[in-house]
Each structure stands twice: as C-alpha cells, then as structure tokens.
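>>> Predicted model and sequence below, questions to follow.
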Amino acid sequence: MRPRFAIGSLVSLAACTIAGCGPKPADLGAPPGDWSALAVAIGDAAAVEGDGDGAVRLVSGERWLALRPRSPVARGPAGTLALPHAPRAGPDGLWVSPQTLERLLAWARLPRPEPAAVDRRVLRIVIDAGHGGTDPGAIGPGGTQERDVNLDIALRLGRILQSRGHEAFQTRPDDRALHPDKRDDLNARAMLSLHKGAHALVSIHADASEDPTRHGAWTFYPSAEDKGTGRPVREAREGPLADVLARADPRARGVLQAALSDEFVRAGIGLAGAVQSAMIRATGAQDLGIRRHPDKRLRVISETPVPAILVEVGHLSCAGEEARLADGAHRQRIAEGIADGIEAFFERGH
C-alpha cells in the first residue's frame, strides 16, 4: 500500500513549481566580486533598456542586442554575439563578467554605418500671396491688412522650401497686383504654375468673419466641377499630355479632360489634408478642417493644371488671432507647417 502523503507531496510540489516557488534568478548566488552591473559599466557606449523578464536591450545607434540572464548568446537583428560568460541577474539588473563587458564594449564601439543618402525629389511649388496692390483683403480690428500677412508668410514659405532643396516661385514677390483687372490678375497667378512646370500651387490667405470670436485655420480645394472649367486643363499646350489631348478624338478628349481634372482634385484634397494637419501641429491653431471652396469663381485654384489649395491661416477679424498673425514668430511657424505638409504629401508618392 502506497503512503498517503506521497500523492499529496507531489501535488504540493507541482503547485509550488507552477506558482514559482523555486529559486529566483537573483537567488542563484551573488555575482562574483569582479563582475559589474551592465547599466553602470557600459557607460556612454550604449543605452541599456529593460526588455521584460529580466532581459535587457543594449542599444548603440541603429543597432541593438538582447541579453538574457543565464544565456551565453546575445541576439540582435544583425545576428548573434557569443559571450564569454552568461550574464546573471543581480540587484541592479544584469551583471556581466569583465570579459563579457569587454566584448560588449567592443560591439558598441564598432564604427556606425553612415546613413544612406536619400534621393529626395526636388519640388517646384508656386506660392500665391493673396490680394496685394490696391486690394488689401481683410483688415483686422487693429488695422492689420491681409495682403501684408499673406506676403510675409508666402516669402517665408519660399525661403523654407528653397533651404530644403526645392524650387519656389512667387506670384507676387512684393506688394503689387499682377494686373489691374481682378479676373486677369487671378488668371495670371494660376497660369504661373503652367509656365513654371510646377508640382503644386499654394495660395496664402487670412480669413474674416462677421463673428469677432471666430478663429482658426482651414484649407480649401476646388471641386471636380470647378477644376473641369480650368483653362489650362482645356488648353494645355506643353508636355506629353498636350500631345495626347491634341490627337484624341473630340469625344475622347472630353473624357480625358474630365479624368485629368478629377485626378487634380483628388490630389488637391490630399494636399489640403497634409498641409492642414502639419500647419495645425506647428501652430496649435484651432483646426477648422479642409473643404471645397464655396466660390466657384476662385480662379487661382480652379484654373491651374496642377493640385492647388487655398490656405486660410487664421481670422484677422478676431482680435486675438490678429495679434498672433501680426507676430513674426507665429508667421514663421505657419510657413514651416505648410512646408512640412507639402513635403509629407509628395513623400507619399504623389
């Protein structure tokens, strides 16, 4: 007959094992006297990050190694590194022998590869400072004129894009209109994107509202209906697209033009979203979103053969926002945000 306590003892032993009653790694004996805590001994050569279950990750630049207690091998994305002695768990994390520390230091001090050169696309952006000349645009309660705000932000945006290796073209580099007739003035602004072979047109404006408390920034794009009426779309005379349209059957030409305008509008919506998001992040302004511009006669964005948006950077009619728009530092943040959005949009493959 088996002793009754045998089964009970086995059950107790199993329960203890499952519950983790056995010795912990730190209980297996203190590290030898010449060992040291890795987080302290590694110094500035690499960063030591906790990786769970007593493991750590040793990080040097873009490279890293995972080390675990009692494991004589460190593992990383580039392969494994054999260690002279397996690390031990101690009171301050993992402890390593002098020989293991020496090997880890040698790994951390390996020359780091130079980052690969990025073949960045050079963008050609037309920047339109709204209004100008005899047209001041909106005027804030403190007397700030929209044409001045628009021009300053446009020039800042141009300098930022150029400093990043892109090409920027201003529709008006100073306080003047391009033509005394408003319709011809807007047409001239829109056509610059065609003459310069631009990737996009960004028109800078500041808004006004009958509600003096309304504030925030938003970005507009034209609808397919608006874009379909664009003269450059109907009368493109440059590049391979012009040849395709010229040779097409008149009925097919209409289909091609409609498809072209739809593509420009889709790209305009994407560009508007990217610019709006980046501008809000840069400035902290109230986010009023993106939408189709309500004025179909807004020729500066409807008459262009490229993705085009109109950015309302804030409301001059709000005294608080007028003060911000009059501040050069805030204008710089607006320009940087718009530049970030333009780059983000085209980096997505557009």
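It's in. Numbering: from 1, shown residues only.
>>> which ones are touching residue 316?
Residues near residue 316 by CB atoms under 8 Å, 6 or more residues apart in numbering: 138, 139, 140, 144, 146, 149, 206, 207, 208, 322, 325. C-betas here are computed from N, CA, C, even on glycine.
>>> Residue 91 versus the closest residue to the first one other than its chain neighbours, what's the distance?
Okay, so that is residue 138. Leaving aside its sequence neighbours, residue 138 sits nearest to residue 208 (CB to CB, 6 or more residues apart in numbering; 3.7 Å). Separation of residue 208 from residue 91 (CB to CB, to the nearest Å): 66 Å.
>>> pLDDT weak spots in the protein?
Counting by pLDDT under 70, the low-confidence segments of the chain come to 1-30, 51-53, 110-120, 224-262, 295-297, 350.
>>> Following the record's annotation, map out the domains of it.
Domain assignment for the chain by automatic domain parsing gives 26-108, 124-347.
>>> returning to that earlier point: can the contacts of residue 316 go into CSV with extra columns for distance to residue 217?
CSV is the format used below for these (distance: CB to CB, whole Å):
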residue, distance to residue 217
138, 14
139, 18
140, 15
144, 16
146, 14
149, 12
206, 9
207, 8
208, 13
322, 13
325, 10
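>>> Nearest to residue 54, out of those residues: which one, please.
residue 325 (55.6 Å; CB to CB).
>>> wait, what's in contact with the closest one?
140, 144, 149, 206, 313, 314, 316, 331.
>>> Out of those residues, which end up buried?
Buried subset of the contacts of residue 325 (neighbour count, 16 or more other CB atoms under 10 Å): 140, 144, 149, 206, 313, 314, 316, 331.
>>> Just these: which are in helices?
With DSSP state H as the criterion, helices contain 149, 331 from among the buried ones among the contacts of residue 325.
>>> looking at the domains of the chain, which is buried most?
Ranked by mean neighbour count, the domains of the chain are led by domain 124-347 with a mean of 19 (mean count of other CB atoms under 10 Å).
>>> Do me a favour and get the end-to-end distance for that domain?
Using CA to CA, to the nearest Å, one end of domain 124-347 lies 14 Å from the other.
>>> And that domain, how far out from the chain middle?
Remark: domain 124-347 is offset 20 Å from the chain centroid, using CA atoms, centre = their mean, to the nearest Å.
>>> picking that back up, how close does the residue nearest to residue 138 get to residue 321?
10 Å.
>>> Pull up the overlap in contacts between those two.
Taking CB under 8 Å, 6+ apart as the contact rule, residue 208 and residue 321 both touch residue 315.
>>> Show me what residue 75 bridges to in the sheet.
residue 66, residue 80 (DSSP bridges).
>>> Identify the residues contacting it.
Taking CB under 8 Å, 6+ apart as the criterion, residue 75 is in contact with 65, 66, 81.
>>> what's the closest of these to residue 57?
Nearest to residue 57 among those: residue 66, at 5.4 Å, using CB to CB.
>>> Spell out, range by range, the strands that occur in the stretch 251-350 of the chain.
Remark: strands assigned in the stretch 251-350 of the chain by DSSP state E, counting those that start in this stretch are 287-292, 308-315.
>>> Same list, these, but as TSV with distance to residue 170 please.
TSV is the format used below for these (distance: least, CB to CB, whole Å):
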stretch	distance to residue 170
strand 287-292	24
strand 308-315	15
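>>> Leaving out chain neighbours, which residue sits closest to residue 279?
The shortest distance from residue 279 to any residue other than its chain neighbours is 3.6 Å, reached at residue 337 (CB to CB, 6+ apart).
>>> Run through the residues that contact the one you found.
Counting by CB under 8 Å, 6+ apart, residue 337 touches 275, 278, 279, 280, 281, 282, 283.
>>> follow-up on the earlier one: quick check: the residue nearest to residue 138 touching residue 315?
Yes - at 6.4 Å, residue 208 and residue 315 qualify as touching, with contact defined as CB atoms under 8 Å.
>>> What residues are bridge-paired with residue 125?
Taking DSSP bridges as the rule, residue 125 bridges to residue 168, residue 200.
>>> Tell me the spacing between it and residue 151.
Distance, residue 125 to residue 151, using CB to CB: 16 Å.
>>> In helices, which of the contacts of residue 337 appear?
Going by DSSP H, the helices hold 275, 278, 279, 280, 281, 282, 283 from the contacts of residue 337.
>>> CA-only coordinates of whatever helix or strand residue 191 lives in, as PDB, when you get a sec.
Under the criterion of DSSP states H and E, residue 191 resides in helix 182-195. Included here for helix 182-195 are C-alpha records, laid out as PDB according to Å, rounded to 0.1, in the frame of the first residue of the first chain:
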ATOM      1  CA  LYS A 182      -9.200  91.200 -61.000                       C
ATOM      2  CA  ARG A 183     -10.100  88.400 -63.400                       C
ATOM      3  CA  ASP A 184      -6.900  88.800 -65.300                       C
ATOM      4  CA  ASP A 185      -4.900  89.100 -62.100                       C
ATOM      5  CA  LEU A 186      -6.200  85.700 -60.900                       C
ATOM      6  CA  ASN A 187      -5.700  84.100 -64.300                       C
ATOM      7  CA  ALA A 188      -2.000  85.300 -64.300                       C
ATOM      8  CA  ARG A 189      -1.500  83.800 -60.900                       C
ATOM      9  CA  ALA A 190      -3.000  80.500 -61.900                       C
ATOM     10  CA  MET A 191      -1.100  80.300 -65.200                       C
ATOM     11  CA  LEU A 192       2.300  80.700 -63.400                       C
ATOM     12  CA  SER A 193       2.100  77.000 -62.300                       C
ATOM     13  CA  LEU A 194       1.800  76.000 -66.000                       C
ATOM     14  CA  HIS A 195       4.700  78.200 -67.100                       C
END
